[in-house]
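>>> Whatever this is, show me its structure:
(2 chains)
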Amino acid sequence: NAGVMQNPRHLVRRRGQEARLRCSPMKGHSHVYWYRQLPEEGLKFMVYLQKENIIDESGMPKERFSAEFPKEGPSILRIQQVVRGDSAAYFCASSLLSGGNTDTQYFGPGTRLTVL
Amino acid sequence: AQSVTQLDSQVPVFEEAPVELRCNYSSSVSVYLFWYVQYPNQGLQLLLKYLSGSTLVKGINGFEAEFNKSQTSFHLRKPSVHISDTAEYFCAVKVQTSGSRLTFGEGTQLTVNP
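Numbering: from 1, shown residues only, chains lettered A, B, ... in the order given. Below is the predicted model of the structure:
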């Protein structure tokens, strides 16, 4: 059973470009979470999605950031008009259960975004 | 809101020595507790979790943690570390009653020296 897959593993963008980060959850998982890890810091929650629904986006910056998890295909985290402060590692996690009490989140290897 | 404090940002130890990585949390409601390990340039791997029941939880790679409700702590321990345990360790909490987000501490870098 393959784990959580993320691609690309490394992404370099110039200021003002768009970044698209992809996450394929573990087989059978329909709940996806995105976290951001800034240099020398812990992980910060960004957004929680189920298929075709955003459940909790309270950790997402108000502008330039969006996320989706379509019925078919991977979850996408999209950052428009990137700035240097967006440079970070972005981790995706997935869980099996309904996001309630005892679900365990399994993490992907992350996408390391560098903005030049 | 809940928060997690990992009291030591760096812990250097010698191989085969015991180690304790400290974690305290703050929450007005009941939480579940987790420890994850992150090896360089990799994602997070679950070490162990406390959901309910026995307050002493055993995880992978010989690690264990003890939940202390009165002290709001969830310290991670290993009686004898190996070079391969060198990694970043993150403590995290999740509120039982609402939402599914994990709130992480800032991490503790464990470095095991020969």
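>>> I'd say residue B:13 and residue B:77 touch.
No. Using CB atoms under 8 Å, residue B:13 makes no contact with residue B:77, being 11.9 Å away. Backbone N, C-alpha and C define where each C-beta goes, glycine included.
>>> quick one: common contacting residues for those two?
residue B:19 (CB atoms under 8 Å, 6 or more residues apart in numbering or on different chains).
>>> part of a strand, is residue A:85?
No. Under DSSP: H, G, I helix; E, B strand; the rest coil, residue A:85 sits outside any strand and is assigned helix.
>>> so who does it touch?
Here residue A:85 is in contact with residue A:115 (CB under 8 Å, 6+ apart).
>>> what does residue A:60 give?
Residue A:60 touches A:46-47, A:66-67, counting by CB under 8 Å, 6+ apart.
>>> Make sure I have this right: it is in a helix.
No. Under three-state DSSP, residue A:60 sits outside any helix and is assigned coil.
>>> Give me the helices and strands touching the helix or strand hosting residue B:34, please.
Per DSSP states H and E: residue B:34 is located in strand B:31-38. Packing partners of strand B:31-38 (3 or more CB pairs under 8 Å, 6 or more residues apart in numbering or on different chains; DSSP states H and E): strand B:23-26, strand B:44-50, strand B:64-68, strand B:73-78, strand B:87-95.
>>> Show the contacting residues for the one residue sitting closest to the centre of chain A.
For chain A, residue A:34 is the residue whose C-alpha lies nearest the centre (CA atoms, centre = their mean; 3.4 Å). Residues near residue A:34 by CB under 8 Å, 6+ apart: A:23, A:45-47, A:67, A:75, A:77, A:90-93.
>>> cutoff 10 Å now
Counting by CB atoms under 10 Å, 6 or more residues apart in numbering or on different chains, residue A:34 makes contact with A:21, A:23, A:43-49, A:57, A:59-60, A:65, A:67, A:69, A:75-77, A:90-93.
>>> And it, what's its pLDDT?
What the model reports as pLDDT for residue A:34 is 97.
>>> what helix or strand does the nearest residue to residue A:37 once chain neighbours are set aside sit in?
Distances taken as CB to CB, 6 or more residues apart in numbering or on different chains place residue A:89 nearest to residue A:37, at 4.4 Å, with adjacent residues excluded. Per DSSP H and E, residue A:89 falls inside strand A:88-95.
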